[in-house]
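A.B. asks: Quick one, fold the following:
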Amino acid sequence: MIKNKDGLLPVFIAMAILIVISLGCLVGFNLWANRELSTEEDMAQIAVAYDGGEITKGEFVARYADSVALFESTYGTTEGYESQILNYALYNVMTDRIVPMKAEELGLAELSEEDTAKLNAAVQERIDAAIETYKAELLTEEEKALSEEEQNQIVIDALAAEGVTEEFLFNQERTTLLADRLINVVAEDVTVSDEDAKAFYDEQIETDRQYYADAWYYAMMKQVGGTTPLYTPEGVRTVRHILLKQDEATMTEYASAAAALSTANGKIATVESNIADLNEKLAAAENGETAEDAEPIDVEAVKAELAAKEAELAELNASLADLQAAADAAAQAVIAAVQPKLDEINARIANGEDFNALIEEYNEDPGMTDADGNPVSYYVCEDAYHLVTEFIDAAMAIEEIGGVSAPTVTNSGVHIIYYESDVPAGDVALEDVMEYITGAMKEEKVNEAYAAKIEEWMLDYNFTVYTDVLGIQAGTSGLESLVH
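C.D. replies: Here you go, the predicted structure:
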């Protein structure tokens, strides 16, 4: 499976979110190995030395906290990742020093006025995000009663106490920019041959045929997974739509009625399953099919439970008609509220106007365009669940490409859905994905080459990790040549 990259390198990630973690939350090694020292003295110890500078234990601890937070947000836990977190933190804290030095050495460190303005804007954005998060989650009720200016100052002071200042953030952003420049230098020597791309394609096709065999999974991953599958199963189509939103009161009434109907249908499905299980149990008892070590089946008790479930099912089914009528009425109220606009749109469709042009004019769904304003289609198929059932059912009910659905109501509003295309089933032709494959392979090769360069530069600058200060074991994977 080929996945779109986010541009994040395995050896250097500039943290996009400010996260403050106390030392007591850190795991994976003993940060307090030197108990006879005060906290200040312990954090001031030299953890890493190199030609021209040094890194304190306190600096490393901050990087380690970032790494813990990243792994927790990515995997939901740090358990089992202790070695990777440690390695990642060491690599990054050293890369923070290597990148500016190497960029300076190669004449890539100069910042233009435009560069500085962009870095300052990025810093301010991070500070603003940190302030909002901190204020929402960490301020006391008493502090929340203060003025906004006073609250902001509390957060800024708290961040500064953790070493997160404007200067610190600017240096992080600058290092990210310089890393991009170094990566571009490395990328100049990286190529992907047609033979490499073909070999990758052949190998990936075999994997994707199994991975995307289910149409619902293909549609979901194509829509939200950031993937480029090389195989497509049968039954997938693309649609676009016009969404007309409605006022909150009308939509709340519809949502309530639709939820009640959905809950009833869910209960009916559960009770029907219970009844089927009880009938199987009775049949097994009558045929003597129960296992020897199983508890004897109390047939009368099962029959009583079955009768109760059948009565419950009858009651649920009896209420279904009223619930359906209420949901239908609520949906009609939503449609009626936008009927003049629907009539206008349908008249223009009947006159042969381009549906995409109508989307631009009428649509209120921001998901129909990407961040650059380009049109986006929705991938749908039978039994897909990455979109709501009402939308999927209406989209799949359209009989021909170019056809349009009847007005369809969901909790988002009223949809007019356009059947755009069928996604051709089978293997994607190599020529159709050659540019993507070569781009993805080159990015992977560049990442590997850059990682190798970072390790090479570590040795050039004689980076040395003092494990006695950090309380870690020598021979940590990936750092054997540096650890003393």
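
A.B. asks: Give me the residue ranges of the chain where confidence is low.
C.D. replies: 1-35, 289-294, 472-484 (pLDDT under 70).

A.B. asks: what about the longest strand in this structure?
C.D. replies: Of all the segments of type strand in the chain, defined by DSSP state E, the longest one is strand 413-422.

A.B. asks: Return the distance of that one from the chain's centre.
C.D. replies: Counting by CA atoms, centre = their mean, to the nearest Å, strand 413-422 is centred 26 Å from the centre of its parent chain.

A.B. asks: Enumerate every residue touching residue 250.
C.D. replies: Counting by CB atoms under 8 Å, 6 or more residues apart in numbering, residue 250 makes contact with 333-334, 337. In short, each C-beta sits where N, CA and C put it, glycine included.

A.B. asks: Residue 240: what secondary structure?
C.D. replies: Going by DSSP: H, G, I helix; E, B strand; the rest coil, the secondary structure assigned to residue 240 is strand.

A.B. asks: quick one: it and residue 359 touch, right?
C.D. replies: Yes - counting by CB atoms under 8 Å, residue 240 touches residue 359, with 6.1 Å between them.

A.B. asks: Of these two, which one has the most company?
C.D. replies: Per other CB atoms under 10 Å, whichever of residue 240 and residue 359 has more neighbours is residue 240, with 22 against 19.

A.B. asks: ok, the nearest residue to that one once chain neighbours are set aside to residue 206 distance?
C.D. replies: Leaving aside its chain neighbours, residue 240 sits nearest to residue 418 (5.0 Å; criterion: CB to CB, 6 or more residues apart in numbering). Applying CB to CB, to the nearest Å, one obtains 35 Å for the distance of residue 418 from residue 206.

A.B. asks: So between the two, which is more surrounded?
C.D. replies: Using other CB under 10 Å as the criterion, residue 418 and residue 206 rank with residue 418 on top: 23 against 11.

A.B. asks: you'd agree the more buried one is up against residue 355?
C.D. replies: Yes - here residue 418 reaches residue 355: they are 4.6 Å apart, a contact under CB under 8 Å.

A.B. asks: what touches both of those two?
C.D. replies: 240, 242, 404.

A.B. asks: Using a markdown table, lay out these together with distance to residue 114.
C.D. replies: Below are those laid out as a markdown table (distance: CB to CB, whole Å):
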| residue | distance to residue 114 |
| --- | --- |
| 240 | 38 |
| 242 | 40 |
| 404 | 47 |
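
A.B. asks: Tell me the one among these nearest to residue 394.
C.D. replies: Nearest to residue 394 among the shared contacts of residue 418 and residue 355, counting by CB to CB, is residue 404 at 10.2 Å.

A.B. asks: Would you list the phi and psi of that closest one?
C.D. replies: The phi/psi pair for residue 404 (degrees, to the nearest 10) reads phi -130, psi 140.

A.B. asks: Also residue 408?
C.D. replies: Per-residue torsions, residue 408: phi -120, psi 130 (degrees, to the nearest 10).

A.B. asks: Identify the residues contacting the nearest residue in space to it that is not next to it in sequence.
C.D. replies: Nearest residue to residue 408, sequence neighbours excluded (CB to CB, 6+ apart): residue 394, at 4.0 Å. Contact partners of residue 394, counting by CB under 8 Å, 6+ apart, are 405-406, 408, 415, 417.

A.B. asks: can you pull the buried residues of stretch 53-72?
C.D. replies: The neighbour-count check on stretch 53-72 (16 or more other CB atoms under 10 Å) flags 55-72 as buried.

A.B. asks: likewise stretch 96-105?
C.D. replies: Residues 96-103 are the ones in stretch 96-105 that count as buried (16+ other CB under 10 Å).

A.B. asks: Could you export that stretch as CSV, CA atoms only?
C.D. replies: Provided in CSV are the C-alpha atoms of stretch 96-105 (Å, rounded to 0.1, in the frame of the first residue of the first chain):
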residue,chain,number,x,y,z
ASP,A,96,18.6,20.2,16.3
ARG,A,97,22.3,21.2,16.6
ILE,A,98,23.6,19.5,13.4
VAL,A,99,21.2,21.1,11.0
PRO,A,100,22.1,24.8,11.7
MET,A,101,25.8,24.0,11.8
LYS,A,102,25.8,22.1,8.5
ALA,A,103,23.6,24.7,6.9
GLU,A,104,26.0,27.4,7.9
GLU,A,105,28.9,25.4,6.6
